[in-house]
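**Student:** What follows is a predicted structure for the sequence shown.
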Amino acid sequence: MAGMGVIADVSDTLVAALNQALSVLVPAPAPQAQLTDLQATISTNPATLAVFLYEVNEDASTRNRAMVRRVTPGGLELSKPPLTLVLKYLLVPFAGDVQTEQRMLGRAMQALYEHPIFSGPDFQGSPAPAGLVGSAEVLATTLDPLSLDERSRIWHAIQRPYRLSLSYQIRVANIDTELRQPQPLVRSRSFDPAVPVEA
């Protein structure tokens, strides 16, 4: 399980995977993936693939799960199941020329299609239990098919002119709860014999 650092670690993991993918593009210097909020000026020399986390949601398919039971030396602990998140990213190329920007998007799509699962050695960031590094988590990356209208609303919300971009979602990022409810072990029991009402 991972803790409160999981969102930042997912972003770092995605950026590292994209940097590795972009490193094969020529001519040098290779474009760089960079986590950004799209508010500051983004470099075009070298070209930059902006990685923008624009939405974090709870994964609705994992709601209403049972409490998690853990056996401890002092008894039993109950806790809520982990909070499961879906993270949505825009990948936006900045290169100064359309051809390079389209090659950057093509390479990013190719890499995330070939290796859509992040686990184990892929993880970047903080060590578990606060972060992903060393955890047993598995993250799936999928292209998020936003319509042009939905994509335009995102650009309108951040008050920037529309640019060609890709939308990806990564699921499921787990945030483990720190709240535990100790439950003592049952050490004795008693029986209350049933007596018929008419007796």
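**Tutor:** Received, thanks. Residues are numbered from 1 along each chain as shown.

**Student:** which residues of the protein fall in strands?
**Tutor:** 32-35, 48-58, 68-72, 75-79, 83-94, 117-119, 138-143, 166-175, 181-183 (DSSP state E).

**Student:** what would these look like in TSV with mean pLDDT?
**Tutor:** Formatted as TSV, the strands of the chain follow (pLDDT from 0 to 100):
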stretch	mean pLDDT
strand 32-35	96
strand 48-58	95
strand 68-72	72
strand 75-79	75
strand 83-94	94
strand 117-119	95
strand 138-143	95
strand 166-175	90
strand 181-183	66
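
**Student:** now, of these, which is deepest in the fold?
**Tutor:** Of all the strands of the chain, strand 83-94 has the most neighbours on average by mean count of other Cβ atoms under 10 Å, namely a mean of 21. C-beta coordinates here come from the backbone N, C-alpha and C atoms, glycine included.

**Student:** Packing partners of that strand?
**Tutor:** On a contact count with 3 or more Cβ pairs under 8 Å, 6 or more residues apart in numbering; DSSP states H and E, strand 83-94 meets helix 6-22, strand 48-58, helix 98-114, strand 166-175.

**Student:** so which of the strands of the chain gets nearest Arg153?
**Tutor:** Closest approach to Arg153 among those (Cβ to Cβ): strand 48-58, 10.5 Å.

**Student:** Identify the neighbouring strands of that closest one in the sheet and state each direction.
**Tutor:** With DSSP bridges as the test, strand 48-58 is paired with strand 32-35 (parallel), strand 83-94 (antiparallel).

**Student:** contacting residues around that strand?
**Tutor:** Here strand 48-58 makes contact (Cβ atoms under 8 Å, 6 or more residues apart in numbering) with 7, 11, 14-15, 18, 22, 31-38, 42, 83-95, 104, 108, 154, 158.
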